[in-house]
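# Just need the structure, nothing else, for what follows:
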Amino acid sequence: MASAGLIAPTHVPVMLDEVVDALRPSLGSPSATLVDATVGLGGHAAALLEACPGARLIGIDRDGDALELAERRLAVFGDRVELVRAGFDELDDVLDGRGVGRVQAVLFDLGLSSLQIDEPARGFSYAKDAPLDMRMDDRLPVTAADIVNTWPVADLGRVIREFGEEPHALRIAQAIVEARADAPITTTRRLVDVLTAAMPAAVRFGSGGHPAKRVFQALRIAVNDELTALAEVLPAALARVGVGGRVAAISYHSLEDRLVKHAFLDASSDRAPRRLPVVPDALLASFSASQAPLRPSEAEIERNPRAASAKLRVAIRTREGEPWQSR
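Next up is the predicted model:
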């Protein structure tokens, strides 16, 4: 997938200062290991390696194009950097395969990278006509076109409702099924036309953003199985950091943020019954995490509108112990 002539888009890492401030305290030792589980184009990784001269990086991404560009960007750091093509839900396998036990920091910058948004051929953008793909990893077997052209109306409606939080999900799913009966829906422009025509006039002409936005989000999440992967990797990441280590996650929509929030809340909550007068050491919380996320400044949002929905949450390991409890 990666091309030798690939040119990086303008890449503005979201909440860069906040991420560096959050993770730098854990990366001061010469043997500190940072795992950037969504290394993307390497913006956050480069800033952290520069701020923490003793730290080394294991950068993970399943997008071959992104890894090629990250390799170029991070080459200046030499053998402090190792990049791995894998999904972030393969975190344990990546670390175990390199003989790495505990690490000092793990970072997740969720959602789409600038490369994926700005490259029309990837099919992520409803503003540009392209093949209806949406795979973050071109080795995945199912594209967005496969979903819209083969899934039953009930399954389409469920995905659009659950992953897009779209109130008109069933109406949209029915319109997709009717349209594909005339001809397969294979491009983003055709899908946008179908979605726009299916929306009530108040949505089409209202101020709530592009009428295709929620559906494109839903299809992207379904194609890449993003929420399942995130739910699986959060407890693994928490378990990997040693005392004083930190896990940070930037999310961009409520579904991602909800998973991160509850994972960090669980890890920072005692596991004893509420009315127990003294909590045994074995049941004390092993992490601390603030209830409210950090948000980008108004100045950053003005410079980079894509940062507007970002929320940064950080969990800090305070003691040894089981970091995860199921709700």
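# which SS class is residue 167?
Three-state call for residue 167 (DSSP: H, G, I helix; E, B strand; the rest coil): coil.
# for it, what are its contacts?
If a contact means C-beta atoms under 8 Å, 6 or more residues apart in numbering, then residue 167 has residue 161 as its contacts. The way it works is simple: take the backbone N, C-alpha and C, and place the C-beta from them, glycine included.
# Could you rerun that using 10 Å?
Applying C-beta atoms under 10 Å, 6 or more residues apart in numbering, one finds that residue 167 lies in contact with 160, 161, 200, 203, 214.
# thought the last one was touching residue 159?
Spelled out, it's residue 214. No. In this structure, residue 214 sits apart from residue 159 without contact. The criterion is C-beta atoms under 10 Å, and the distance is 11.1 Å.
# anything in contact with each of those two?
Each of 166, 169 lies in contact with both residue 214 and residue 159 under the rule C-beta under 10 Å, 6+ apart.
# More neighbours: those two, which one.
A side-by-side neighbour count of residue 214 and residue 159, using other C-beta atoms under 10 Å, places residue 214 first with 24 against 21.
# Please enumerate the helices of the stretch 101-250 of the chain.
114-118, 144-150, 153-164, 169-182, 188-198, 201-204, 213-224, 226-240 (DSSP state H, counting those that start in this stretch).
# May I see these arranged in JSON lines, with distance to residue 68 and mean pLDDT as well?
JSON lines is the format used below for the helices of the stretch 101-250 of the chain (distance: least, C-beta to C-beta, whole Å; pLDDT from 0 to 100):
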{"stretch": "helix 114-118", "distance to residue 68": "10", "mean pLDDT": "71"}
{"stretch": "helix 144-150", "distance to residue 68": "23", "mean pLDDT": "98"}
{"stretch": "helix 153-164", "distance to residue 68": "29", "mean pLDDT": "97"}
{"stretch": "helix 169-182", "distance to residue 68": "34", "mean pLDDT": "97"}
{"stretch": "helix 188-198", "distance to residue 68": "24", "mean pLDDT": "94"}
{"stretch": "helix 201-204", "distance to residue 68": "39", "mean pLDDT": "74"}
{"stretch": "helix 213-224", "distance to residue 68": "19", "mean pLDDT": "95"}
{"stretch": "helix 226-240", "distance to residue 68": "22", "mean pLDDT": "96"}
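# Comparing the ones you listed, which comes out most buried?
Between these, the one whose residues have the most neighbours on average, counting mean count of other C-beta atoms under 10 Å, is helix 213-224 (a mean of 23).
# what angle sits between it and helix 169-182?
Our comparison of helix 213-224 with helix 169-182, counting by axes from the mean of the first three to the mean of the last three C-alpha atoms, to 10 degrees, yields an angle of 70 degrees.
# Show me what helix 213-224 is packed up against.
Under the contact criterion of 3 or more C-beta pairs under 10 Å, 6 or more residues apart in numbering; DSSP states H and E, the helices and strands touching helix 213-224 comprise helix 144-150, helix 153-164, helix 169-182, helix 188-198, helix 226-240, helix 254-267.
# How about residue 100, nearest residue that isn't a chain neighbour?
Among residues not flanking residue 100 along the chain, residue 33 sits closest, at 6.4 Å (C-beta to C-beta, 6 or more residues apart in numbering).
# Would you format the helices and strands packed on helix 213-224 as a markdown table with distance to residue 210 included?
What follows is the helices and strands packed on helix 213-224, written out as a markdown table (distance: least, C-beta to C-beta, whole Å):
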| stretch | distance to residue 210 |
| --- | --- |
| helix 144-150 | 16 |
| helix 153-164 | 12 |
| helix 169-182 | 14 |
| helix 188-198 | 8 |
| helix 226-240 | 20 |
| helix 254-267 | 18 |
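# wait, which of those helices is closest to residue 80?
Nearest to residue 80 among the helices and strands packed on helix 213-224 is helix 226-240; the distance by C-beta to C-beta comes to 19.0 Å.
# What helices and strands are in contact with the closest one?
strand 33-36, helix 91-96, strand 103-109, helix 153-164, helix 213-224, strand 241-251, helix 254-267, strand 311-317.
# rewinding a little: what's the local residue count around the residue nearest to residue 100?
With neighbours defined by other C-beta under 10 Å, the count for residue 33 comes to 25.
# Equivalent analysis for residue 76, please.
The number of residues packed near residue 76 is 11, by other C-beta under 10 Å.
# Could you pull up the residues touching it?
For residue 76, the contact set (C-beta under 10 Å, 6+ apart) comprises 46, 49, 50.
# What is the neighbour count of residue 320?
Other residues lying near residue 320 total 10 when counted by other C-beta under 10 Å.
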